[in-house]
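> here you go, sequence then predicted model.
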Amino acid sequence: MDPLAHTLFGAVLAETGLKRRTALATATLVIGANLPDVDALAMFHGSDTALHLRRGWTHGVLALVLFPFLLTGGMILADRLHTRWRARNAIQRSDIHPIRRTLSIEPKWLLILSFLSVWSHPLLDWLNTYGIRLFMPFDETWYYGDTLFIIDPWFWLLTGAMVVFARSTTWLGISGWLLLGSALSVLVFSTSMVPLMAKILWGTGILIIALIRYFWYGKLATRPMTNSLVIATLLYVAIMLVGSRLTVRHAKMHLANQGIEIHEAMSRPLPARPLLRNGIAVSETHYYRFRLNWLIPDSFELRGDPVSKTEPNPLVDIALNTPELKGFRNWIRYPVYEVKKVKSGWRVYIHDLRYSAPNQNSPSGIGMAIVDLDQNRQVRTVQVF
């Protein structure tokens with residue numbers, strides 16, 4: 001999931017009552033919810049390096065055991081340094097009561113919250129189609145939940161509402177939430193992938209949150225409302241998970257009725273459209289791209305012609321084995337290869353069918369690599385998208 005989703009989920013955990021267990025609970029939960037994404041720094045070294053490292057070591061079981069202890073130690077150290085700094089300033093001001101706090105540091109609870117927040121990260125990441133290598137560094141197998149689009153506005157709306165109701169107590173906080181809500185609304189409204197009805201529902205949801213905050217804040221019990229929204233969020237994720245599993249079942253059934261034996265299929269969620277799925281079904285010889293509304297099994301339809309599964313030819317092998325594609329080669333899930341003769345030699349297109357379609361010669365997002373070979377079959381240029 002995106003960093004905002006992880007941050008909001010960490011804040012939501014705090015608002016369920018966990019923030020009252022120890023000082024720095026909210027900070028611990030929010031930082032821990034984002035901590036495995038430290039591997040995003042690999043982006044500065046290039047997109048293929050990022051693919052090679054992303055959702056690997058820092059999302060694997062070894063890091064997920066070590067990170068909570070490191071986070072707990074870091075929070076305790078930060079608290080001690082801050083306490084000393086406050087005490088030193090208080091002495092200089094002759095302040096008799098330099099530090100006032102309602103909660104003290106509880107190392108046991110900091111560790112529990114660190115584990116909870118850090119482990120929430122791979123759980124959310126598993127929900128989308130990008131994949132996660134949960135057992136790194138011992139096993140590089142990718143696992144996919146195929147449940148939520150990597151940026152899910154309804155997840156933002158539900159988790160954001162909880163935090164707004166619980167934490168928008170100052171004008172600075174209110175201004176911050178207004179700014180964030182406006183920015184997200186611009187993103188939702190300006191994206192062509194989001195249908196009109198979803199944009200209307202999003203705008204309505206933002207308006208309802210604002211009205212409740214303005215007219216009823218302080219009159220409603222925050223804790224029950226927060227818990228209700230937590231349940232609603234979990235129910236939404238559960239429904240999306242069921243939808244993805246039903247999508248796979250319906251697709252296999254329809255293709256079996258056409259005499260096509262499918263041994264694997266995936267459901268690909270679409271942005272802001274909970275009922276609609278694209279997907280890929282895999283037979284021994286072909287990929288079948290499809291779309292359906294998982295509540296209406298008969299809505300199944302194939303998208304384009306079947307795509308042949310072919311083994312890499314010598315030119316594709318040269319392209320795949322170039323060092324610049326180390327990460328991409330390890331990450332692709334449903335590979336499709338195209339080789340075209342050009343004036344200077346050959347151009348090899350490598351698609352991951354999850355995100356890039358054959359005959360798509362210009363990139364439109366992620367899941368595609370282009371390798372140019374000269375007449376001597378030497379790699380000239382490599383582009384990863």
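Received, thanks.
> mean confidence score for the longest strand seen in the chain?
Assignment by DSSP state E gives strand 273-282 as the longest strand of the chain. In this model, strand 273-282 has a mean pLDDT of 95.
> which helices and strands does the next helix or strand after it pack with?
Using DSSP states H and E, the helix or strand that follows strand 273-282 towards the C-terminus is strand 286-293. Contacts defined by 3 or more C-beta pairs under 8 Å, 6 or more residues apart in numbering; DSSP states H and E place strand 286-293 against helix 222-257, strand 273-282, strand 296-302, strand 307-308. (C-beta placed from N, C-alpha, C; glycine too.)
> I'd like the next helix or strand past the shortest one.
Pointing back at strand 307-308 there. helix 314-320.
> only alpha carbons, please: show that next one as CSV.
Provided in CSV are the C-alpha atoms of helix 314-320 (Å, rounded to 0.1, in the frame of the first residue of the first chain):
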residue,chain,number,x,y,z
PRO,A,314,18.3,-16.3,-27.5
LEU,A,315,17.7,-12.5,-28.0
VAL,A,316,15.3,-12.4,-25.1
ASP,A,317,17.8,-14.3,-23.0
ILE,A,318,20.5,-11.8,-23.7
ALA,A,319,18.1,-9.0,-22.7
LEU,A,320,16.9,-10.7,-19.5
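> following that helix, which helix or strand comes up?
Heading C-terminal from helix 314-320, the first helix or strand you meet, by DSSP H and E, is helix 326-331.
> can you give me phi and psi for residue 369?
Per-residue torsions, residue 369: phi -130, psi 140 (degrees, to the nearest 10).
> that one: how many residues sit nearby?
By other C-beta atoms under 10 Å, 27 other residues sit near residue 369.
> residues in contact with the nearest residue to it once chain neighbours are set aside?
Nearest non-adjacent residue to residue 369, counting by C-beta to C-beta, 6 or more residues apart in numbering: residue 350, 4.4 Å away. By C-beta atoms under 8 Å, 6 or more residues apart in numbering, the contact set of residue 350 is 316, 319-320, 325, 328, 332, 335-337, 368-371.
> what's opposite residue 350 in the beta bridge?
residue 337, residue 369 (DSSP bridges).
> same deal with residue 374?
residue 345.
> was I right about it contacting residue 345?
Yes: contact criterion C-beta atoms under 8 Å: residue 374 and residue 345 qualify, at 4.3 Å.
> before we move on, the earlier item: looking at the contacts of residue 350, which one is closest to residue 87?
Residue 87 has its nearest neighbour among the contacts of residue 350 in residue 328, at 53.0 Å by C-beta to C-beta.
> what sits against that closest one?
For residue 328, the contacting residues are 48, 51, 350, 369, 384, by C-beta under 8 Å, 6+ apart.
> assess the claim that the fourth one and residue 356 are in contact.
No: with contact defined as C-beta under 8 Å, residue 369 does not reach residue 356; the gap is 9.1 Å.
> which neighbours do those two have in common?
residue 385.
> could you measure from the residue nearest to residue 369 over to residue 37?
Going from residue 350 to residue 37 by C-beta to C-beta, to the nearest Å gives 26 Å.
> before we move on, what about residue 80?
Separation of residue 80 from residue 37 (C-beta to C-beta): 27 Å.
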